[in-house]
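Visitor: When you get a sec, could you give me coordinates for this:
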Amino acid sequence: MLRRSCMAGLLVVLAFLFTFAGCSDNSTGNNKVVGDPNAPEFQNMKAAIASSVDSTMSIMLRFAASPGRVAPQDTINLRPDWGVLNPADTLLHNFVDGWNIVYLGLTTGADYNRTLVDSVRFFIENNAVDRYFSYHVSKMDFIHHQTDTYKGSGDSHQNSSTYVNVDYTGYSTSGGTLDGSGKFVWDDYYQTIAGTVHDNYQFNAIINTVGFVQTVSQPWTPGMATSGTITLTATVTAAEIEETWTATVTFSSTGTAQITATTGNTEYSYQMTPTYE
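Guide: Model (predicted):
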């Protein structure tokens, strides 16, 4: 079934995104002003990018580590990774037009609800669809959709949505290639002296030919990205002020990533080592 959600990391991202970063007087070859990636005022955005990369890749690599859990032949093993369902929760599995669809509705309290839907198609030789995962599978389509609702108190509440749609090609137990996209939206409503305020956060990810290797000896350990890029775009509208960031994440064969982050006319360049949960 579903591996760890990216929402925890996303909320960290959203909390940090609305950040004003300093810059130096240098310029890049594309006429951008060079920002200092070690400047204190950039560290919140730096943490946000790291959290975004780790969260997005964790969803995809945890699925790649054990894709058969979405559609096990022994349905008694179909359960969330975090434990036994309570009586108010719902877990359903269906097979429609080549898609295994798993619906999980969690009620974690009177004020909080979470719904997750995982859909996957398995392809074997000659691009034929197979109902269950097997060692013959070399291609997979995976869609993850998650919504979270927190009622809060009074006029304060939050709604969030996570959507990831990726294709796995050249897949094997040792790795493969990822292409696809992700979209994260968070609406926050809260009360101030002037009345109810609505902040909107949108985060988009484009996954472009990201190669990964899997830790075969530890199937529940996420793998490691070794090539390809992820392009991140974040837009935050808060207190009627909008700010947009873009970041290009390029993975290397050693598992590190080169980051180029831009806001306005300022560009930051640095390296990071992803830590997938």
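
Visitor: what ranges do the strands span in the stretch 1-150 of the chain?
Guide: 33-34, 90-96, 99-109, 112-123, 129-130, 139-150 (DSSP state E, counting those that start in this stretch).

Visitor: Mean pLDDT and mean neighbour count added to the ones you listed, as JSON lines?
Guide: C-beta here means a position set from N, CA and C on the backbone, and glycine is covered the same way. Formatted as JSON lines, those follow (pLDDT from 0 to 100; neighbours: other Cβ atoms under 10 Å):
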{"stretch": "strand 33-34", "mean pLDDT": "90", "mean neighbour count": "15"}
{"stretch": "strand 90-96", "mean pLDDT": "86", "mean neighbour count": "12"}
{"stretch": "strand 99-109", "mean pLDDT": "83", "mean neighbour count": "16"}
{"stretch": "strand 112-123", "mean pLDDT": "90", "mean neighbour count": "19"}
{"stretch": "strand 129-130", "mean pLDDT": "94", "mean neighbour count": "14"}
{"stretch": "strand 139-150", "mean pLDDT": "92", "mean neighbour count": "18"}
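
Visitor: got these as JSON lines, with distance to Asp167 columns?
Guide: As requested, the strands of the stretch 1-150 of the chain are arranged in JSON lines below (distance: least, Cβ to Cβ, whole Å):
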{"stretch": "strand 33-34", "distance to Asp167": "36"}
{"stretch": "strand 90-96", "distance to Asp167": "19"}
{"stretch": "strand 99-109", "distance to Asp167": "14"}
{"stretch": "strand 112-123", "distance to Asp167": "10"}
{"stretch": "strand 129-130", "distance to Asp167": "14"}
{"stretch": "strand 139-150", "distance to Asp167": "6"}
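
Visitor: Mind checking these for the one nearest to Ala71?
Guide: strand 99-109 (3.6 Å; Cβ to Cβ).

Visitor: helices or strands up against the closest one?
Guide: If contacts are counted by 3 or more Cβ pairs under 8 Å, 6 or more residues apart in numbering; DSSP states H and E, strand 99-109 sits against strand 90-96, strand 112-123.

Visitor: and for it, what are the contacting residues?
Guide: Counting contacts by Cβ atoms under 8 Å, 6 or more residues apart in numbering, the residues outside strand 99-109 that touch it are 1-2, 70-71, 78, 80, 85-86, 88-95, 113-122, 131.

Visitor: quick one, it and strand 139-150 angle?
Guide: 20 degrees (axes from the mean of the first three to the mean of the last three Cα atoms, to 10 degrees).

Visitor: chain center to strand 99-109, what's the gap?
Guide: Distance, stretch centre to chain centre, for strand 99-109: 18 Å (Cα atoms, centre = their mean, to the nearest Å).

Visitor: and what of stretch 232-249?
Guide: On Cα atoms, centre = their mean, the centre of stretch 232-249 falls 17 Å from that of its chain.

Visitor: Which residues does it contact?
Guide: Taking Cβ under 8 Å, 6+ apart as the rule, stretch 232-249 contacts 13-14, 17-18, 45, 48-49, 52-53, 197, 199-205, 229-231, 257-263.

Visitor: redo that, cut-off 7 Å
Guide: 17-18, 45, 49, 52-53, 199-205, 229-231, 257, 259-263 (Cβ atoms under 7 Å, 6 or more residues apart in numbering).

Visitor: now the helices for the protein?
Guide: Secondary structure of the chain (DSSP state H): helices at 7-16, 43-65.
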